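Engineer: Predicted model, plus sequence, below.
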Amino acid sequence: MGEPATDSGKSMKSGESVRTLKHGEEAAHLNVLNLSFDPWGTEEEWERRYLLHPDFDVSENVVIVEGNGEWAGGGTAWFREALLKSNKTVRVYGAGDLYVHPHHRGKGVYSTAMRSLNQLAQKKGSTLGFAYPAIYRVPSLALPKYGFVTVFYPMTHVFVLNPEKFFQFLVSRAKKAYFPEKFNGMLFKLRVLFKTPDGKREIAGLFRIEEGQLSDSGAQTKRHADLTVKAEVETLMQIISAFYLRRRALILTVFSVMLKRQLGVRFSVRFLKAFLGL
């Protein structure tokens with residue numbers, strides 16, 4: 001528990017040390033994650049992603065990097081058994097949730113955490129390691145530095161089996177966005193179309209913008225929405241991906257899907273005046 005998980009020594013700096021998370025430090029770890037990612041997520045997300053996984057132990061799977069005794073960063077390894085085409089299984093690991101405390105950025109903490117995860121996985125007998133970088137968090141171009149190579153084309157296709165749950169996931173992400181004060185009090189309606197085995201299905205939600213964030217209180221009013229967005233889930237995901245790229249990419253993506261009539265937008269005069277600053 002909390003044993004040293006020191007890096008190979010290639011890039012360890014003076015005053016820097018690596019260990020695994022100790023039982024009882026879960027809340028502190030979540031707090032640093034939220035501080036580093038601004039925010040990372042809720043306690044419920046932590047439990048779902050960490051504690052509810054079989055064979056997951058924070059003292060075995062979570063690496064902490066310290067700089068001169070201060071919590072500087074960390075990362076997490078998930079271990080699984082992969083079934084090969086030959087029906088043989090190999091132990092693999094997934095690297096994720098690597099973070100650096102804002103006060104320790106630019107000091108090589110991320111590199112130490114990543115290399116320490118690789119070393120931990122090797123120690124536990126993993127044959128392969130996988131990383132799924134989010135383009136707005138960890139540049140994928142950095143991964144070869146730690147031994148990762150590209151094996152899949154980055155374009156991935158998914159089929160949503162539980163539209164309700166996925167819609168709630170989209171809403172939870174949208175609630176982390178901040179809107180200018182001039183939009184406070186306005187109603188936002190989201191209509192998402194999903195392809196299911198039984199045909200197309202629409203799920204909608206009505207929200208109010210309060211103190212710069214989306215609130216579920218909008219569902220209690222009969223007033224028409226100030227902004228309504230309707231799109232297929234794949235179109236919506238395309239826009240979300242562009243949102244984390246440059247502003248120009250987002251504008252071009254929105255313009256493109258609107259020209260193709262893949263995105264429906266309806267707004268009130270009130271919203272238009274606020275948007276234009278009138």
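Structural biologist: Looks like it arrived, so ask away. Note that the coordinates shown come from a computational prediction; the quantities given were computed from them, not determined experimentally. Residues are numbered from 1 along each chain as shown.
Engineer: Thr112 falls within a strand, correct?
Structural biologist: No - going by DSSP: H, G, I helix; E, B strand; the rest coil, the assignment for Thr112 is helix, not a strand.
Engineer: and it, how far is that from Leu120?
Structural biologist: Per C-beta to C-beta, to the nearest Å, Thr112 is found 12 Å from Leu120. Backbone N, C-alpha and C define where each C-beta goes, glycine included.
Engineer: more neighbours, the two?
Structural biologist: The neighbour comparison of Thr112 against Leu120 (other C-beta atoms under 10 Å) goes to Thr112, with 29 against 24.
Engineer: Could you chop this protein up by domain?
Structural biologist: 16-146, 163-276 (automatic domain parsing).
Engineer: Buried deepest among the ones you listed, which one?
Structural biologist: domain 16-146 (a mean of 16; mean count of other C-beta atoms under 10 Å).
Engineer: Would you mind measuring the gap between the ends of that one?
Structural biologist: 19 Å (C-alpha to C-alpha, to the nearest Å).
Engineer: Confirm that Lys200 sits in a helix.
Structural biologist: No - according to three-state DSSP, Lys200 belongs to no helix; its state is strand.
Engineer: If we ignore the residues flanking it in sequence, what's nearest it?
Structural biologist: Sequence neighbours aside, Leu193 is the residue nearest to Lys200 in space, at 5.6 Å (criterion: C-beta to C-beta, 6 or more residues apart in numbering).
Engineer: Just after the strand ranked longest in the chain, pick out the following helix or strand.
Structural biologist: Ranked by residue count, the top strand of the chain under DSSP state E comes out as strand 70-83. Using DSSP states H and E, the helix or strand that follows strand 70-83 in sequence is strand 89-100.
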